[in-house]
Every structure is written in C-alpha cells, then in structure tokens.
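In: Sequence and predicted structure, then a few things I'm wondering about:
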Amino acid sequence: MPNEIKKYVQKLIAKGVREDGRKMDEYRDIKIEYNVSAKSAEGSARVTIGDTVVVAGIKLDMGTPFPDRPGEGTIMVNAELLPLSSPDFESGPPSIESIELSRVVDRGIRESKAIDFTKLCVKKGEKVWLVFIDIYPINDAGNLFDAAALAAMAALTTARFPKYDEKTELVDYYTRTDKPLELEKKPISITVLKIGDKILVDPTDREWKAYDARITVASLENGNISAMQKGGETPLSPEEIDKMIELGIAKAKELRKVLDKK
Amino acid sequence: MTYAKREDGRKFDELRPMEAKVGVIPRADGSAMFKIGKTIAYAAVYGPKALHPTHLRNPETGIIRCNYNMMSFSGSGDRIRPGPSRRSKEINLVMAKALSPVMDLSDYPNTVVDVFVELLQTDAGTRCAGITAASLALADAGIAMKDLVVAFAVGKVGDKVVVDLDYSEESFEEGATDIPIAVMPRTGKLTLLQLDGDITREEIKEALEKSKKAVKQLYDVQKEALKAKYEEK
Amino acid sequence: MGKLNVKDKDIVVPGEELADGMDILPAAGTYRDGDKIIASQVGVVSTNGRLIKLIPLGGRYIPKAGDTVIGKVVNMSFSSWFINVGYAYDGVLSLKDASSEYIDRGADLTRFYNFGDYMTCKITQVTRAMNIDLTMKGPGLRKLTGGKIIKITPSKVPRVIGKQGSMINLIKDKTGCRISIGQNGLVWIQGDDPAMEKLATEAVKEIEKKSHIPGLTDKITKFLSKEAKTTTIPKETKEIKK
C-alpha cells in the first residue's frame, strides 16, 4: 500500500521539488561496467544509475530460422524482476511487469534495426544465430526501464561470437572468436514520467510509485524514434506527448555519450 | 592418473582469490557480493516476514528459505532456461540446511527469512559461493547467528587431494571427486556435506584436514567485509 | 580472572570470541559457550562492569510492551484496526483503545483512522506468539498527517533521539521540521519547506550511518550548518510559499 508515498511525492513534485533535490530533467550518476560475466556470457555489462543496478548478458546460440524469414536470425529479450532486487517483487512465473519490461527493451532494439538480422544467417533456411539478451535487476532504486535498455545495449557492444563447427553443427562455447556482434545503430530508451502537471526523468523507486502516466521513448543518433510505450492510467494530450518525446530525445543524447565513452 | 600441478598455479590446499562486499543491495534487509575465482554470487536477505503458506509456520521460531538461481547467461556452455530446475530446488534445500544451524530466529516465531542467491558468472563451487554470500547477507541483516558459515569444495583431482576445485578440475578427464562442505568456523563443525565421485575414507579425512586453513582464511575475508561497511570514509 | 579479547566500541561479527572466563557475563547480542563469550550479531562492543553486550548495527524491530512506535493502518474489522509496526505480523488497535471519545460498535472506522494512515501508538502487550496489542490513549499519541516517513535501523533510534532528546532537538531547531520517532525505526518528518525536509532526512540518515563513531553530535552540528548553507531552495518553491 504505497498510498502515503504516492501522496507525499505528488505533493512535492507539485511544488517543483524532488525528494533527492534533483531537477525534473536531471539524471542520477550513470556508470557502465563491461564484461562483468565474461567467462560465461558472450557479452555482458552492469549499469548503475544512482542506487539502481542492472546486469545484462548475451548468449549466442545456433538455431533454425522462422519459416517466413529463412535468411534472418533474431533476438530474444528476457527480463526478470528478481525478488533479490526489491521487496516489491515476488518469486514465481514472470510477472506482467517483467514481461512488459522485456517487450519494451526488445522493441527498442528490434524496431531500430540495431542488429541486421540477415547478418545472423549462417545457412539460409537452416542455420541462423539467435541472440539471447537476459536482463536482471540487482537493486531496484527506480527507472529499471532505462537501466535495462542501457545494460542490454552495453552488453551487446561487448558480444563476440563463439566458434561454430560446421561439420558437427555444434557451437563451441569454450572458444570465442574475435568477431563482434555488429551493431548498426544504438537505440537509447528514456522513460518520461508525468506526475501531476510536471514531467520528469530517471524516477527513484518512490517516484515510480507516484506516476500518473509514463512514456518510454527509444530514440536513435539522428533523433528518430524506434519504439514507444505508454503506461499508467492517466490519458495524455498530443501536446503533452510531444513535450515528453522532446525530453526523451534530449536525455537520450546524454546517455549515448556515456555509452559511447567505452 | 597424476595431477602434478594446478593449472592456475595454486597450491593444492589453496583457495582461489576472493572478494567480498556487504550492503550491495540497499533495498534488501541485508546483502552481499562474493567472488571466488571466476564464480560471482549475489545474496539478498528479506525478513523476518510473515510466512505463507501458514502450515509451514513454527510458533517456536522463524525459519529460513533459500532461493538459488543461475542467471541464464552464467553457465559454462549453453544458455540456461530461466526458472527453477530440480537441481536448483535441491540446492535451495541444502543451502537452508547449511545455514539454519547457526541462526537464532526464536525472537521471530511464525516468520520466514527469505534468502535469494543469484549467480552472475560461474566456474564451479556455486552452491558454496552462494552459502558464503548468504551467510554474509544474513549477518548484514542483523540476524542473530551463533557463527558465520563458510563454504567451499574439497575433493580429489586425479591422484591429488585438493581444496576449492574450479571448473577445469571438476571436469578433469581422468576423474575428479567434488565434496562441497560448509563449516562453522569457530567450532569447525560441518553443516553441509555432499560428495560426487570416487574417493577413499582416508582421502576424505585428508581433504577435511586440508580444509582447516581455508576455513580460517575464508572467515577472515567475511569478517573484513562485514567490518568494512562501518569504517569511516 | 576473566580476560576480554575486545575493547569498548570495537566492531565484531558473529562467531568472534569476545571474552574468556566465567566471571564475565554475556548480555544482548552475545552468548556463552563453555567459559567463552561469543558474538551473535554484527555490533559494537559495550562493557559495563562484568557485563559485555553488543549494540547491534542492523536488524529488524522486535516489538516490546511499552514501546512507542509509528504504525500504519493496513486493515480493519468491525471493531478494530490492524496496524503494521514493522514486524512480520500486524498489531491490533481495538475500539476501546482507539480514542478517548466513545465509538459506537459498527461505526464507520475510516472516519477515525483510514487505510494507509500513519500514527504514533503505544504497544500495551506482546504475547509469546507475538500478538501485539496497541493503544492510542496516552500523551503524544496521535495520527500523523502529511509529512514523510523514513525507515532507519531500530537499534539506531536512541542515537537519533540523543541524550534527553538533544540530537533530535538539534535537527528540529536547525530545520524547523516537526519530527516523531518510533522505537520501531520509523521516523516521521514534516516541514513547510521541502529543502528543510530533505536536510532533516539526510541528518537522520547520517546519524544512522555514523552512530558508532565517536563525536557524533559535533559531526551532525557541522553537517546541518554546512548543508543548510548549500541547500538552495528551487525558485518555484519560493513562489508557492508566498
């Protein structure tokens, strides 16, 4: 029953103030660590935004293509809201929240064509690479959407293909090649919250409990948008949506700098 | 059958390099990260809290429940399917049994303490790393404990009795025996003992004898990590 | 003659041998095994004559009769409220203990205390099975409206209050906030100025973090005056306050 938290945060935001003293459009400190599971995963990264920590790992597997896309590999995104990371999450089958998180990260990458699926094809109609992106929050101090998308992108930048033996048709996970997983684009997701009549980014877990509406905007280097998702029960006017997109694109530029610093 | 030298240059009774930190998950009541060699475990503790289903409640004391999971990308080889397996369920059980002898939850009747362990990267010894991390997280949560618990494997690789097998040793072609143990450092008593392999009674005795130095060393790592949280920066 | 292996203010962890000898007596956070006294918690050593105890550095609240706590209404029945006081199971506030005025059976209880309301209340009774009875009758017991609730480690509560309330009064003076502290580690803070609420919150958190370090009062005094200067109040806030 986060009722009191919600009331308090809403009252504060109405005054134009955030609990931790940040400006509405201000992010907490962002840190990216690469290859945090280098022995096990083909690519991996840990993203820290304030107290929020999310890890992502990439596994590359050989599979058969979909019949309607014989010359294309694909990606599969799986995010799990671990009960380790917050008292608000419970054990059991994936919750609707974790499915939404997976889907939003998936579409940000898929729809931007960040990965050229035809380049994942090894033998048309028979063998294609499948890119598994697994995302786990370690500590949920808010803004898991942006942290998860950033961790996924950061992990992808480190991914190297394992050796594939065409004769035995087996992937040799103990031998990693130098061949990187090529990224055509780097979509960045920014979630903009509406609380009362204010919009803000990078919510803490308490602010996350107080939003009226949210939009996650995945945008590219050129400012184009590759995926969006509205959440929350409050309707938004086209003008509000435009303002939220504007803020989302502007903040994506900042996060891109952190990602490109590698 | 001879195993003359360990690949990573360790002595036969030497643990891999270790790193431990507590309080890494601020949302949890207690938490820890523990790294041994390339195996990395996170642990978080929530509770004591209300226990469901109610038939598990004990009016005399609280109980502990463990939840072990390997992240899908953390294995050696293929991606691991998400969700519990028979293996992880058994590990949940042995972890709880390894930890409960030191815990005193008599002030919290009818409650449960939930322990979550997640493996970020694995190179053998994951249940032991999980127990060591969980013990740190429980102490960090301020739960009354008679002692900490340290855990690692002893065993035999080829013809040599060794401490703390890594993945290459566990899968040594000419045979390896893996004996995960958990120990209460002060009394030296064991709270976890499993064994896979082929080994003599004398060799087990030798392995347990060799574990003593490692127990002390690992306890020191835990002690330092718990105290480091409160050092003035 | 017994021998201490540690000294006052040392930080110890479970399993550490604190003392040898039957003439030294184990108190909170410790236990005896043979002639040794062992730590059973992460805590700070405190000796008093022959007694040795630990002041815990973490841990959940264990309800005790006589404690004044901050609770939250989580459920209701015909004749009582269920109040979460930070323990695994809720406390019960029955009609007769809820108010000095007469409440009819079957009255709309939400008129007095609604779901999600916070209050300072007192624990009157705790059974062995940890059933907790609460009362609202007593000086200072009241509903807490507005403001924010923060959580600290219950064992740190005495440090946040300070000797005869010295520490908490210091924070109240410097920030102008109204503050209530429950023995269960919940702290209620309400101020007219969000920047001051933030400062008071940070001061309480600072005490929690440094409770075991000597010279705490000086540190907090410095913290409050340094931060008070640098804490800028956003423009919008000032306008609203007019």
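Out: Received it, and whenever you're ready, just let me know what you need. Note that the structure is predicted; figures quoted are calculated from it, not measured. Numbers count the residues shown, from 1 in each chain, chains lettered A, B, ... in the order given.

In: For the rest of this, base every contact and every neighbour count on C-alpha atoms.
Out: Noted.

In: Just the pLDDT for the closest residue to residue C:197 other than its chain neighbours.
Out: Excluding the flanking residues, the one nearest residue C:197 by CA to CA, 6 or more residues apart in numbering or on different chains is residue C:191, at 5.5 Å. Looking at residue C:191, its pLDDT stands at 94.

In: ok, which residues in the stretch 1-150 of chain A are in contact with chain B?
Out: By CA under 8 Å from any CA of the partner chain, the residues of the stretch 1-150 of chain A that approach chain B are A:36-41, A:51, A:57-59, A:61, A:83-87, A:93, A:134, A:136, A:138-141.

In: isn't the residue nearest to residue C:197 right next to residue C:177, touching?
Out: Yes: look at residue C:191 against residue C:177 with CA atoms under 8 Å: they come within range, at 4.3 Å.

In: Run through the bridge partners of residue C:30.
Out: For residue C:30, the beta-bridge partners under DSSP bridges are residue C:39.

In: so it sits right up against residue C:43, yeah?
Out: No: with contact defined as CA under 8 Å, residue C:30 does not reach residue C:43; the gap is 9.8 Å.

In: Give me the common contacts of these two.
Out: residue C:54 (CA atoms under 8 Å, 6 or more residues apart in numbering or on different chains).

In: the domain parsing of chain C - what is it?
Out: Listed by automatic domain parsing, the domain ranges of chain C are C:3-56, C:68-144, C:148-224.

In: mind showing which ranges of chain C have poor pLDDT?
Out: Applying pLDDT under 70 to chain C picks out residues C:228-242.

In: Quick one: name the residues of it near chain B.
Out: C:11-16, C:29, C:31, C:38-42, C:56-60, C:62, C:87-89, C:129-130, C:209-210, C:213.

In: ok, residue B:214 to residue C:52 distance?
Out: Separation of residue B:214 from residue C:52 (CA to CA, to the nearest Å): 30 Å.

In: So between those two, which is more surrounded?
Out: residue C:52 (24 against 20; other CA atoms under 10 Å in any protein chain shown).

In: Give me the buried stretch members for the worst-scoring helix or strand of chain B on mean pLDDT, please.
Out: Across the helices and strands of chain B, mean pLDDT, DSSP states H and E gives its lowest value to helix B:167-170, namely a mean of 94. By 16 or more other CA atoms under 10 Å in any protein chain shown, the buried positions in helix B:167-170 come out as B:169-170.

In: Now do it: which elements does it pack against?
Out: The helices and strands touching helix B:167-170, judged by 3 or more CA pairs under 8 Å, 6 or more residues apart in numbering or on different chains; DSSP states H and E, are strand B:176-184.

In: Now do the strand it packs on: everything it contacts.
Out: Strand B:176-184 has contacts (CA under 8 Å, 6+ apart) with B:98, B:102, B:125, B:128, B:131, B:147-158, B:165, B:169-170, B:189-199, B:215.

In: and chain B, which residues reach chain C?
Out: Counting by CA under 8 Å from any CA, chain B sits next to chain C at B:29, B:47-50, B:59-60, B:107-111, B:139-148, B:185-186, B:223, B:226-227, B:230, B:232.

In: how about a cut-off of 7 Å?
Out: Listed as neighbours of chain C in chain B under the rule CA under 7 Å from any CA of the partner chain: B:48-50, B:59, B:109, B:111, B:139-148, B:186, B:223, B:227.

In: Would you mind checking the residues you listed for buried ones?
Out: For the residues of chain B next to chain C, a burial check counting by 16+ other CA under 10 Å picks out B:48-50, B:109, B:111, B:139-148, B:186, B:223, B:227.

In: which element is the residue nearest to residue C:211 when sequence neighbours are not counted on?
Out: By the measure of CA to CA, 6+ apart, the closest residue to residue C:211 outside its immediate chain neighbours is residue C:159, 6.3 Å from it. Following DSSP states H and E, one finds residue C:159 within helix C:157-161.

In: which residues touch the residue nearest to residue C:94 when sequence neighbours are not counted?
Out: Once flanking residues are discounted, residue C:94 sits nearest to residue C:80: 4.2 Å by CA to CA, 6+ apart. Neighbour list for residue C:80: C:92-95 [criterion: CA atoms under 7 Å, 6 or more residues apart in numbering or on different chains].
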